[in-house]
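In: here is my input; please provide its structure:
(one chain, ligands or ions: 2)
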Amino acid sequence: MFRSVLGAISNEMAIDLGTATTRIAVAGRGLVCAEASAVAIHEVRGARRILAVGEAALEMLGRTPPEIRVVRPIIDGMLSDFEIAEAMLRHLMLQVQGRTLWVGPRVTVCVPYNTIDMEKRAIRKLMEAAGAREVRMVEQPIAAAVGAELPIDEAQGHMVVDVGAGTSEVGVISLGGVVYSRTVKVGGERMDRAIIRHIRAEHGLLIGPRTGEQLKCELGSAMPVRRPAVREVKGRDIKSGYPRAVEVTAQEIYEALRSPVQLIIDAVRASLEHTPPELAADVAQTGIVMTGGGAMLSRLDRCLSETTGLPVIVPEDPDIVLVKGALRCDEPRPGHAVAG
Ligand SMILES: Nc1ncnc2c1ncn2[C@@H]1O[C@H](COP(=O)(O)OP(=O)(O)OP(=O)(O)O)[C@@H](O)[C@H]1O
Ligand SMILES: [Mg+2]
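Out: Ligands and ions are numbered 1, 2, ... in the order given. As a prediction, this is how the structure comes out:
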């Protein structure tokens with residue numbers, strides 16, 4: 001009785017704690033928050049004060065005096081700094097709920113498939129410390145598949161590939177559960193670093209991670225470029241130390257991205273090889289659904305489709321598919337795998 005009263009007045013919330021972005025969706029409202037997973041803290045003699053959370057904190061990166069640090073509490077999809085993550089989540093949860101709420105939300109949080117029990121306990125503790133009244137966990141491949149509206153409870157195999165910032169996770173799903181999964185530490189950030197390395201080696205110019213990411217989003221492609229496109233890029237000359245600008249072509253960016261893209265393709269191919277034959281035959285028909293912000297890399301879908309010979313589908317707004325799916329996972333369905 002008490003529980004049902006609480007249920008009626010508190011929010012249902014889904015959280016995707018990503019390496020780059022933390023996303024929150026609320027039942028009836030959809031996506032309510034997508035903030036950079038970053039916190040700026042002021043630290044003097046062990047006393048910490050939060051200065052900024054999210055994008056505002058990220059903007060300080062590389063521009064702070066020594067007593068200010070910008071911390072990214074999620075690394076490669078895993079919780080790496082509990083205290084900072086708690087401060088960040090508390091801030092974001094308050095922001096989306098307003099300050100008047102006196103009953104904590106029921107939270108469904110997406111976790112990578114291979115999350116071990118110790119990490120699950122840490123995530124549960126984190127959510128409770130940040131104000132959750134009840135915590136449920138859903139494996140990311142399930143959240144991705146549900147978010148992409150795949151009929152996952154049927155006895156048919158589906159493959160989802162989530163290309164995030166820190167990792168890419170392949171999952172094969174059947175009868176509401178994950179049958180096979182493989183994670184590689186290759187995602188959008190690895191692509192950014194490949195671009196930064198390339199600009200340094202070929203142009204003798206140092207650029208920051210945000211410029212690298214911008215080049216990837218604007219010029220990047222997973223397949224050879226047909227139309228010539230050029231951007232001017234500003235950075236610091238490695239020899240003189242002075243600011244300088246160079247012209248970078250889309251073809252160069254494609255070359256720089258080849259290796260990280262290949263690693264993602266290899267992970268999908270290896271997963272297909274390890275998928276039980278009946279399910280592999282299903283995937284050959286149903287195709288591969290690609291989610292995550294990395295799925296927006298120009299022609300990555302085409303590249304994956306040509307190398308595997310399978311259809312590849314990228315849903316609309318692939319970066320928010322997981323959190324949307326996690327919210328729907330909260331609705332009870334027969335045979336549905338909610339762990340924790
Ligand atoms: N148009 C685009 N082209 C290429 N990459 C893009 C594009 N838009 C976003 N990205 C990349 O997608 C990545 C972010 O994806 P996403 O938000 O799914 O990651 P995350 O959930 O924070 O990380 P992870 O799942 O690894 O913990 C970033 O590296 C970003 O640069
Ligand atoms: Mg993610």
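In: tell me the contacts of Pro87?
Out: One thing to correct before we go on: residue 87 is Ala, not Pro. Ala87 is in contact with Val39, Ile50, Val53, counting by C-beta atoms under 8 Å, 6 or more residues apart in numbering. Heads up, the C-betas are built off the backbone N, CA and C, glycines and all.
In: actually Asp266, sorry about that
Out: Applying C-beta under 8 Å, 6+ apart to Asp266 gives no contacts.
In: okay, it and ligand 2: tell me how far apart.
Out: 20 Å (C-beta to the ion, to the nearest Å).
In: can you give the distance of the helix or strand hosting that residue from its chain's centre?
Out: Following DSSP states H and E, one finds Asp266 within helix 250-274. Centroid separation for helix 250-274 versus its chain: 18 Å, with C-alpha atoms, centre = their mean, to the nearest Å.
In: on that earlier part again, may I ask which of the contacts of Ala87 has the most neighbours?
Out: Neighbour counts for the contacts of Ala87 peak at Val39, which has 27 neighbours (criterion: other C-beta atoms under 10 Å).
In: next one: phi and psi at whichever residue of the stretch 1-150 of the chain sits closest to ligand 2?
Out: Closest residue of the stretch 1-150 of the chain to ligand 2, C-beta to the ion: Gly18 (3.9 Å). Gly18 adopts backbone torsions of phi -90, psi 160, taken as degrees, to the nearest 10.
In: I'd say it and Ala38 touch.
Out: No. Look at Gly18 against Ala38 with C-beta atoms under 8 Å: they stay out of range, at 11.4 Å.
In: all helices of the stretch 151-300 of the chain, in order?
Out: Assigned by DSSP state H, counting those that start in this stretch, the helices in the stretch 151-300 of the chain fall at 188-203, 209-219, 250-274, 277-286, 300-308.
In: show me where pLDDT drops low in the chain?
Out: Residue ranges of the chain with pLDDT under 70: 1-10, 99-102, 331-340.
In: try it again at 80.
Out: 1-10, 62, 98-102, 227, 330-340 (pLDDT under 80).
In: contacting residues for the spatially closest residue to Pro276 that is not a sequence neighbour?
Out: Residue nearest to Pro276 in three dimensions, not counting chain neighbours: Val179, with 6.9 Å by C-beta to C-beta, 6 or more residues apart in numbering. The neighbours of Val179, taking C-beta under 8 Å, 6+ apart as the test, are Gly157, Val172, Ile173, Thr275, Pro276, Leu279.
In: ok, and the most crowded of those residues?
Out: When neighbours are taken as other C-beta under 10 Å, the top entry among the contacts of Val179 is Ile173 (28 neighbours).
In: report how many residues lie close to the residue of the stretch 201-340 of the chain found nearest ligand 2.
Out: Scanning the stretch 201-340 of the chain for the residue nearest ligand 2 gives Gly292, at 5.5 Å (criterion: C-beta to the ion). Residues near Gly292, counting by other C-beta under 10 Å, number 28.
In: repeat for Glu247
Out: Per other C-beta under 10 Å, the neighbour tally for Glu247 reads 10.
In: what's the answer for Ala122, then?
Out: Neighbour count for Ala122, taken as other C-beta under 10 Å: 16.
In: quick check: it touching Ser80?
Out: No. The criterion here is C-beta under 8 Å, and Ala122 misses it with Ser80 at 10.4 Å.
In: got the residues of the stretch 101-250 of the chain near ligand 1?
Out: Gly164, Ala165, Gly166, Thr167, Gly187, Gly188, Glu189, Glu213, Lys216, Cys217, Gly220 (C-beta under 6 Å from any ligand atom).
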